[in-house]
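Q: Have a look at this fold, sequence not included:
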């Protein structure tokens, strides 16, 4: 699936990422977020300008972005999720601003709760143009946005 990749070295690169056709925990294919949060340390990425597939280290991945793809596609989950404005400042100075879809109990639905609710390496920040799957190891800080 078409994506943009930003690593700890270099610039954002367009290309393709690959996910499994079936996911054992739900109907349909694996999501990019599920693929990034699997235990394996590497994933396949084919740069748009080169025919060779790269096996990319998740540890050195700052983010993977997909154009116009909502992080939650299930209508029931989406209607129950609370949207929180977020700004994320990454190592190296890049900044992402967008929304986080929070699926937590009302009394634990602050941005801090969202960021601390999971031990997964990657979390989603979405905008009208793209969804960014951000590696929390490269986040310097985040702050709520109205």
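A: Alright, I've got the coordinates. This structure is a prediction, so every number in the text was calculated from the model and none was measured.

Q: residue boundaries of the strands in this protein?
A: Here the chain has its strands, by DSSP state E, at 2-7, 13-17, 42-47, 54-57, 61-67, 82-90, 95-102, 122-126, 130-135, 139-145.

Q: now these in TSV, with distance to residue 31 and mean pLDDT?
A: Placement of C-beta: from N, CA and C, glycine included. TSV is the format used below for these (distance: least, CB to CB, whole Å; pLDDT from 0 to 100):
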stretch	distance to residue 31	mean pLDDT
strand 2-7	12	96
strand 13-17	11	96
strand 42-47	13	97
strand 54-57	17	97
strand 61-67	10	96
strand 82-90	19	90
strand 95-102	13	89
strand 122-126	9	94
strand 130-135	9	96
strand 139-145	20	95
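
Q: Could you dump those into CSV with mean neighbour count and distance to residue 115 added?
A: Below are these laid out as CSV (neighbours: other CB atoms under 10 Å; distance: least, CB to CB, whole Å):
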stretch, mean neighbour count, distance to residue 115
strand 2-7, 19, 20
strand 13-17, 16, 24
strand 42-47, 16, 23
strand 54-57, 14, 23
strand 61-67, 21, 15
strand 82-90, 17, 9
strand 95-102, 18, 8
strand 122-126, 22, 7
strand 130-135, 23, 10
strand 139-145, 13, 6
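
Q: Residue 100 contacts residue 110, correct?
A: No: assessed by CB atoms under 8 Å, residue 100 is found out of contact with residue 110, at 10.6 Å.

Q: shared neighbours of these two, anything?
A: Each of residue 84 lies in contact with both residue 100 and residue 110 under the rule CB atoms under 8 Å, 6 or more residues apart in numbering.

Q: Break this protein into its domains for me.
A: The chain breaks down by automatic domain parsing into domains covering 2-67, 75-145.

Q: that older thread, let's have the strands of the chain in TSV, adding distance to residue 36.
A: Shown next, in TSV, are the strands of the chain (distance: least, CB to CB, whole Å):
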stretch	distance to residue 36
strand 2-7	11
strand 13-17	9
strand 42-47	7
strand 54-57	10
strand 61-67	6
strand 82-90	16
strand 95-102	16
strand 122-126	4
strand 130-135	5
strand 139-145	15
